[in-house]
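Student: just need the structure, nothing else, for what follows:
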Amino acid sequence: MGVILKWKLPETTEVSYDKTYIYRSTSRTGTYTQIAVQDFSDNTYFDTDGTASHWYKIRFYDSTNDAWSAYSEPMQAGEWKYYCTPTDVRKIANLTTNDISDSDLAEIISYAVAFLNHEINSKIVEEEVRSIDTTRENTIDGVNKTFYVQNSFKWPLGDLNDDGEVTTDDVIVYEYDSEGNKSQVSVDSIDANLGKIVLSSAPASGHKLTITYCYAPLSESEPHPMIRMATAYLAAALAYTKIEAKDFERISIGRLTVAKTESGFDKYFSVYQKYVHFIKSKIMRKVHDEESAWFGTGLTTKEVVR
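Tutor: This next block holds a predicted model:
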């Protein structure tokens, strides 16, 4: 997926920098090779070929006076964690860095992730842990530390805190003692696709556990292609709200009427909505299949709810 690199722009009036040169190495003290040149004002670079193990340096250039800054200290990039990348959006919407910077596009993608999450994810607040089946007994005995949410094996755990990845931070577990006192329990690891949660310590026998989480129609921990494409199309639409700030709806001059053509926002948001419909339809199909199975027993929908 690549890595994102950010830096602070120097505050100087002595030199008018207009370009930033970016260099990459496989180690902190290794040889740094130039990989990109971009406008000085853009303090973000997305490296599609980079990994979290790469190191980077930058330096600034004043082309008017042929003046260079010193190299920066080595920086290790942060791993890109959102459902899609700036490159994905640029390929879909044919956007260049002249249209919108990587910095702005990265921020827009973070908004798109949160927006999509709230469209397709379902939040469960303090679901009480109880036995599901012989495989997922969810025993609270002072020894067991592995538990499953009630929706496990049905829907994957989703991105609760809207940071573009599914980690232990997206699961909140509380333990209640016999007197009802509540304390938060640390989560050691999760398996998002199995709805599996491993705690750092085993809750005491006789205590109650609750889990707050959200579940998604499709995997967000290893973004499903439809999740990735929905995010990219929404980000493209949002990017065009910046690019097309001066659009008009309709202008009439005498007998001449000029109507606004379909904007980039409308075009890409329309495709985004189709992806959301496809994603949501997975839930609808699942519910339909389950209801059909129950109808085969002779039960009605009302009886199933009971």
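Student: going forward, measure contacts between C-alpha atoms and count neighbours the same way
Tutor: Noted.
Student: now the nearest residue to G264 once chain neighbours are set aside, what's its secondary structure?
Tutor: The shortest distance from G264 to any non-neighbouring residue, by Cα to Cα, 6 or more residues apart in numbering, is to Y240 (5.6 Å). When the structure is reduced to helix, strand and coil (DSSP: H, G, I helix; E, B strand; the rest coil), Y240 reads as helix.
Student: what is the burial count for Y240?
Tutor: If you count neighbours by other Cα atoms under 10 Å, Y240 ends up with 20.
Student: quick one: residues contacting it.
Tutor: Under the criterion of Cα atoms under 8 Å, 6 or more residues apart in numbering, the contact list for Y240 reads S263, G264, F265.
Student: next one: the second one from G30, what distance?
Tutor: To tie it back to what came earlier, the one meant is G264. Per Cα to Cα, to the nearest Å, G264 is found 44 Å from G30.
Student: the two - which one has more neighbours?
Tutor: Using other Cα under 10 Å, the more surrounded residue of G264 and G30 is G264, with 18 against 10.
Student: I'd say the more buried one and A235 touch.
Tutor: No: in this structure, G264 is not within contact of A235 by Cα atoms under 8 Å, at 11.2 Å.
Student: state the distance from K91 to A232.
Tutor: Taking Cα to Cα as the measure, K91 and A232 are separated by 9 Å.
Student: more crowded one of those two?
Tutor: Between K91 and A232, counted using other Cα under 10 Å, A232 has the larger neighbour count: 29 against 12.
Student: name the nearest residue to that one, sequence neighbours excluded.
Tutor: The shortest distance from A232 to any non-neighbouring residue, by Cα to Cα, 6+ apart, is to V89 (5.1 Å).
Student: rewinding a little: restricted to helices, list the contacts of Y240.
Tutor: For the contacts of Y240, membership in helices holds for G264, F265, with DSSP state H as the criterion.
Student: nearest to S131 among the contacts of Y240?
Tutor: S131 has its nearest neighbour among those in F265, at 47.6 Å by Cα to Cα.
Student: residues contacting the closest residue to the closest one other than its chain neighbours?
Tutor: If you skip the residues right next to it in sequence, F265 has A237 as its closest partner in space, 4.1 Å away by Cα to Cα, 6+ apart. Listed by Cα under 8 Å, 6+ apart, the contact set of A237 reads G264, F265, D266, K267, Y268, F269.
Student: helices of the stretch 101-250 of the chain, residue ranges please.
Tutor: 102-120, 225-243 (DSSP state H, counting those that start in this stretch).
Student: out of those, deepest packed?
Tutor: Mean neighbour count, computed with mean count of other Cα atoms under 10 Å, is highest for helix 225-243 among these, reaching a mean of 22.
Student: perfect, that will be all.
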